[in-house]
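Asks: how would this look folded up:
(one chain, ligands or ions: 2)
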Amino acid sequence: MVKIAPSILSADFAKLGDEVKKLHDGGADIIHIDVMDGHFVPNMSFGPMVVSAIRSFTDLPFDVHLMMDNPMDYIGAFVEAGADSITVHGEVLPHLHRAVNYIKGFGVKAAVALNPSTPLSILDYILGDIDMVLIMTVNPGFGGQKFIPVMMEKIRRLYDIKNKSGFDFSIEVDGGIGLNNINDVVKAGADIIVAGSAVFNSDDIGATIKALREEALK
Ligand code: DX5
Ligand code: ZN
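Replies: Ligands and ions are numbered 1, 2, ... in the order given. I've put the predicted structure just below:
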């Protein structure tokens, strides 16, 4: 079952609660929350206090994507704020196995994100421990960037590894996904689709989520 996870990075920050409610009413499956620290990525977004402030606007799962150099210091705070899954970047964590199990210790799902240039092989020995892999299909930091075409091959490879390993993790894709390519990423093996600008730059959020879902399942 493919899930649509709109990213609130492209929402109107002055009305974030209402924007989350629109996603809820519009049929989103998951709310994707992009946390940026201005170090790991060249942009800043929001922290646990903002996540906590929007928690009451929906009961949909909060998928918190930590684009940070020091995610370990903030995992507890994001769980406390209402995260249902925490995604950390493999590039910043030499003890990835420890990090994943630390996240799971809070009773939430644990995921690892990989930048476009990071090989899948860093996941070889933790695939059995993680709930989800996030394949970045743009270089993280900004919404509205172009999907990097060779990432299609990376998704396919991960899907193949998943099938051969027998481990049951989700494959999430994030960056530059819209009506034009959602079907291709799903066919390649993705089952959780993040979409920021495609959802928020449209006139009708609900109609766009519906169209994305229909296109994904074609
Ligand atoms: C990129 C973020 C993404 C981004 C997606 O740094 O992790 O979640 O907001 O936005 P679009 O769908 O506009 O590429
Ligand atoms: Zn993201």
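
Asks: need the longest helix for this structure.
Replies: Ranked by residue count, the top helix of the chain under DSSP state H comes out as helix 151-165.

Asks: right, quick check: that helix against ligand 1, any contact?
Replies: No. Remark: helix 151-165 sits outside contact range of ligand 1, by C-beta under 6 Å from any ligand atom, the gap being at least 12.0 Å. Backbone N, C-alpha and C define where each C-beta goes, glycine included.

Asks: relative to the whole chain's centre, how far out is that helix?
Replies: 17 Å (C-alpha atoms, centre = their mean, to the nearest Å).

Asks: buried set for that helix?
Replies: Within helix 151-165, the residues that count as buried by 16 or more other C-beta atoms under 10 Å are Met151, Met152, Lys154, Ile155, Leu158, Tyr159, Ile161, Lys162.

Asks: let me know the next secondary structure element after it.
Replies: Later in the chain than helix 151-165, the nearest helix or strand by DSSP states H and E is strand 170-174.

Asks: mean confidence for that following strand?
Replies: For strand 170-174, the mean pLDDT works out to 98.

Asks: who's in contact with the helix or strand just after it?
Replies: Per DSSP H and E, the first helix or strand lying C-terminal to strand 170-174 is helix 182-188. With contacts defined as C-beta atoms under 8 Å, 6 or more residues apart in numbering, helix 182-188 is touched by 2, 137, 152, 155-156, 159, 173, 177, 193, 195, 212, 215-218.

Asks: any buried residues in helix 182-188, and which?
Replies: By 16+ other C-beta under 10 Å, the buried positions in helix 182-188 come out as Ile182, Asp184, Val185, Val186, Ala188.

Asks: dump those to TSV, plus distance to Asp129.
Replies: As requested, these are exported to TSV (distance: C-beta to C-beta, whole Å):
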residue	distance to Asp129
Ile182	29
Asp184	29
Val185	24
Val186	25
Ala188	24
